[in-house]
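K.L.:
From the sequence below, what's the structure:
(chains A, B, C and D)
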2 protein chains.
Amino acid sequence: MNNTNSSPSFHPLYQQIKILITQSLISGEWRPGEAIPSEIELASRFNVSQGTVRKAISELADENLLIRHQGKGTFVASHTEERRQLHFVRITSDKGGVIYPEGKLLECRRGKADSAIAKLLEINTGASLVVIKRLLNVSARPLLLEEIRLAAAMFKGLNADVINRHECKMYSMFESEFGIRITQVVEQIKAVAPNSEAVKLLKLNTGAPLLCIERVAYTYGDKPVEWRKSLCNSKEHYYMNKIV
Amino acid sequence: MNNTNSSPSFHPLYQQIKILITQSLISGEWRPGEAIPSEIELASRFNVSQGTVRKAISELADENLLIRHQGKGTFVASHTEERRQLHFVRITSDKGGVIYPEGKLLECRRGKADSAIAKLLEINTGASLVVIKRLLNVSARPLLLEEIRLAAAMFKGLNADVINRHECKMYSMFESEFGIRITQVVEQIKAVAPNSEAVKLLKLNTGAPLLCIERVAYTYGDKPVEWRKSLCNSKEHYYMNKIV
DNA sequence: GAGTGGTCTAGACCACTCA
DNA sequence: GAGTGGTCTAGACCACTCA
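P.N.:
Numbers count the residues shown, from 1 in each chain, chains lettered A, B, ... in the order given. Got it, this is the predicted structure:
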């Protein structure tokens, strides 16, 4: 590959390599957790220098799509990995320290997408959905009540058994059962008064306000995959965010 | 500079260059908005190759401490810059689109640090504080009620006049009046019931829950500078967060 | 010892800015 | 045209892993 472009629409080689690697991730040529070819192999495959491949891989590693391990190789990032299990969980205990929520499935049924959900998931209004409700406990006390909506077409065969088999761990289940890796999430956070269902299931004193976190989760190529609404009792926990 | 280290405690050259550049930022050798020397000049100053300086600068640019402009040079990042004015503001309107809050100063007085604040700001318990209260309006409607606490020792001469002269824009005021640039913030978010002051100043219906955002803001070298508590009416706005 | 990614260099050439 | 950062290469050597 070479770069004979002159000024208008100049695209660096390493950007093109990034796109090629991302396409291999989308196509499933390399699956989450697997090693990708070495930098030298990729360089000869794409006909560029190792340095150019390095730059492409570095940016993909910065975006958490790949993980490099000196001496071992470069791997497709996976939600199953130890340190990424709680990557998208921003709820922290007031006492400090990580929380390890236990999920309990309340419901798993089919539904239809209204226009709002359809727009967020980039599917047609009326398309079939999987609707999931779950409760998350921390130290045996209810902390989060969640409703999750997925495009049924992408999750064929998903049911309560599958979810329970994976102990309600959704994103690692997405990967191993459906080959879908969540790469980023966007959240909108509000304070709300609890509804009666939340009061009951989260065992609240009436009047206690909740955090309401609406999330859209994306896979490779910024494709939306999941919509989620979480109600969180923030009496003894908070949502943590660091802005650099 | 050369790197004669063998295995134990190996520190790459570019990391050492990063530290040297950061020290120049802390010392004020280059102030926010100013250009730093060119890569070639820095390379000869530090006795390394241009590539090594580039790697150091790239990481500092990723951390938003420097900004590179092709053809012009590399500059110390500044809060005053157009696109960074709202960098730490995560509140968004339900209708979408950026908000442009107008600040109104309610109070600026001296206080003493209790042990909790002292620990967060890494100062002594009982040390003198500047305590500021302000209200932020969007489209002439009150949205945020904030209390800010600063170590008085770092902000000598700060008073209501100074704040008003800067139209209540705190972080650009920190830079131009005190040479303190905020580089990162950490926030803890909860849902709370409003107190009577918030009900009055934010013109709430009683019972409407609020987002409570507690922030610690840091300058170069992860030094804490500001503690802030914001109460936000999330009826028509939300806190936006993207996790990659 | 072979293979991986990580650092560092020197040098060529390009895109962009400004006078 | 001079000066800046941006891309790309080729090559040397290092740190780390694994057999």
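K.L.:
Residue numbers of chain A in contact with DNA strand D?
P.N.:
Counting by CB under 7 Å from any atom of the strand, chain A comes close to DNA strand D at A:2-3, A:12-15, A:48-52, A:55, A:69-72. C-betas here are computed from N, CA, C, even on glycine.
K.L.:
and A:Asp18, helix, strand or coil?
P.N.:
Just so we're on the same page, residue A:18 is Lys rather than Asp. Under DSSP: H, G, I helix; E, B strand; the rest coil, A:Lys18 falls in the helix class.
K.L.:
Let me know whether it touches A:Ala61 as I believe.
P.N.:
No. Counting by CB atoms under 8 Å, A:Lys18 sits too far from A:Ala61 to count as a contact (11.0 Å).
K.L.:
neighbour-wise, which of those two wins?
P.N.:
The neighbour count for A:Lys18 versus A:Ala61, taken as other CB atoms under 10 Å in any protein chain shown, is higher for A:Lys18 (20 against 15).
K.L.:
which ones are touching that one?
P.N.:
Contacts of A:Lys18 were listed using CB atoms under 8 Å, 6 or more residues apart in numbering or on different chains, and they are A:Ala56, A:Glu59, A:Leu60.
K.L.:
State the phi and psi torsions of the second one.
P.N.:
Main-chain dihedrals, A:Glu59, degrees, to the nearest 10: phi -70, psi -40.
K.L.:
Just give the number of residues close to it.
P.N.:
A:Glu59: 16 surrounding residues under other CB under 10 Å.
K.L.:
Same check on A:Arg149?
P.N.:
Per other CB under 10 Å, the neighbour tally for A:Arg149 reads 19.
K.L.:
For A:His79, see how far away the residue nearest in space to the middle of chain A is.
P.N.:
Nearest residue to the geometric centre of chain A (CA atoms, centre = their mean): A:Ile182, 3.0 Å. With distances taken as CB to CB, to the nearest Å, A:Ile182 is found 6 Å from A:His79.
K.L.:
Find residues that contact each of those two.
P.N.:
Contact criterion CB under 8 Å, 6+ apart; residues shared by A:Ile182 and A:His79: A:Tyr171, A:Phe174.
K.L.:
gap between the residue nearest to A:Val131 when sequence neighbours are not counted and A:Glu197?
P.N.:
Spatial nearest neighbour of A:Val131, chain neighbours left out: A:Gly111 (4.3 Å); criterion: CB to CB, 6 or more residues apart in numbering or on different chains. Distance, A:Gly111 to A:Glu197, by CB to CB: 17 Å.
K.L.:
From what I see, A:Met240 and B:Ile213 are in contact.
P.N.:
No. Using CB under 8 Å, A:Met240 is not in contact with B:Ile213; the gap is 11.1 Å.
K.L.:
Tell me the residues that contact both of those two, please.
P.N.:
Shared contacts of A:Met240 and B:Ile213, defined by CB under 8 Å, 6+ apart, are found at B:Glu187, B:Gln188, B:Ile189.
K.L.:
Where neighbours are concerned, which of the residues you listed has the most?
P.N.:
Going by other CB under 10 Å, B:Ile189 tops those with 26 neighbours.
K.L.:
which secondary structure element contains that one?
P.N.:
Assessed by DSSP states H and E, B:Ile189 sits inside strand B:184-192.
K.L.:
Which other helices and strands does that strand contact?
P.N.:
Applying 3 or more CB pairs under 8 Å, 6 or more residues apart in numbering or on different chains; DSSP states H and E, we find strand B:184-192 packed against strand A:184-192, strand A:210-219, strand A:237-243, strand B:210-219.
K.L.:
who does it pair up with?
P.N.:
Applying DSSP bridges, strand B:184-192 is found paired with strand A:237-243 (antiparallel), strand B:210-219 (antiparallel).
K.L.:
hmm, who's touching that strand?
P.N.:
The contact list for strand B:184-192 (CB under 8 Å, 6+ apart) reads A:92, A:189, A:191-192, A:209-212, A:232, A:234, A:238-244, B:88, B:90, B:209-218, B:222, B:231, B:239.
K.L.:
What count of nearby residues applies to the closest residue to A:Thr80 other than its chain neighbours?
P.N.:
With sequence-adjacent residues excluded and distances taken as CB to CB, 6+ apart, A:Thr80 is closest to A:Ser172, at 4.7 Å. Residues near A:Ser172, counting by other CB under 10 Å, number 19.
K.L.:
quick check, nearest of the contacts of A:Lys18 to DNA strand D?
P.N.:
A:Ala56 (8.1 Å; CB to the nearest atom of the strand).
K.L.:
What distance do you get for whatever residue of chain A ends up closest to chain B to B:Cys108?
P.N.:
Nearest residue of chain A to chain B: A:Pro209, at 3.3 Å (CB to the nearest CB). Distance from A:Pro209 to B:Cys108, counting by CB to CB: 30 Å.
K.L.:
and the helix or strand containing A:Val225, which residues are buried?
P.N.:
Here A:Val225, judged by DSSP H and E, is contained in strand A:223-232. For strand A:223-232, the neighbour count (16 or more other CB atoms under 10 Å in any protein chain shown) marks A:Pro224, A:Val225, A:Glu226, A:Trp227, A:Arg228, A:Ser230, A:Leu231, A:Cys232 as buried.
K.L.:
again, but for stretch A:109-123
P.N.:
Within stretch A:109-123, the residues that count as buried by 16+ other CB under 10 Å are A:Ala113, A:Ile117, A:Ala118, A:Leu120, A:Leu121, A:Ile123.
K.L.:
before we move on, back to that, more crowded one of A:Met240 and B:Ile213?
P.N.:
The neighbour count for A:Met240 versus B:Ile213, taken as other CB under 10 Å, is higher for B:Ile213 (24 against 13).
K.L.:
what's the closest non-adjacent residue to that one?
P.N.:
Closest residue to B:Ile213 apart from its sequence neighbours, by CB to CB, 6+ apart: B:Ser230 at 4.4 Å.
K.L.:
Identify the bridge partners of the one you found.
P.N.:
Under the criterion used (DSSP bridges), B:Ser230 bridges to B:Glu146, B:Ile213.
K.L.:
A:Pro224 too?
P.N.:
With DSSP bridges applied, A:Pro224 shows beta-bridge pairing to A:Tyr218.
K.L.:
go on, A:Leu105?
P.N.:
Beta-bridge partners of A:Leu105, as defined by DSSP bridges: A:Arg134.
K.L.:
Report the contact partners of it.
P.N.:
Contacts of A:Leu105 were listed using CB under 8 Å, 6+ apart, and they are A:Ile132, A:Lys133, A:Arg134, A:Ala160, A:Ile163, A:Asn164, A:Cys168.
K.L.:
What subset of the residues of chain A next to DNA strand D is buried?
P.N.:
A:Leu13, A:Tyr14, A:Val48, A:Thr52, A:Lys55.
K.L.:
Give me the three-state assignment for the fourth one.
P.N.:
Translated: A:Thr52. Going by three-state DSSP: A:Thr52 is helix.
K.L.:
Can you give me the separation between it and DNA strand C?
P.N.:
For A:Thr52, the distance to DNA strand C (CB to the nearest atom of the strand, to the nearest Å) stands at 11 Å.
K.L.:
does that residue really touch A:Ile17, like I thought?
P.N.:
Yes. Using CB under 8 Å, A:Thr52 is in contact with A:Ile17, at 6.3 Å.
K.L.:
any shared contact partners between these two?
P.N.:
Shared contacts of A:Thr52 and A:Ile17 (CB under 8 Å, 6+ apart): A:Phe46.
K.L.:
Can you pull the phi and psi angles for the closest residue in space to A:Ser49 that isn't next to it in sequence?
P.N.:
Using CB to CB, 6+ apart and skipping the chain neighbours, the partner closest in space to A:Ser49 is A:Ala43 (6.0 Å). Per-residue torsions, A:Ala43: phi -60, psi -40 (degrees, to the nearest 10).
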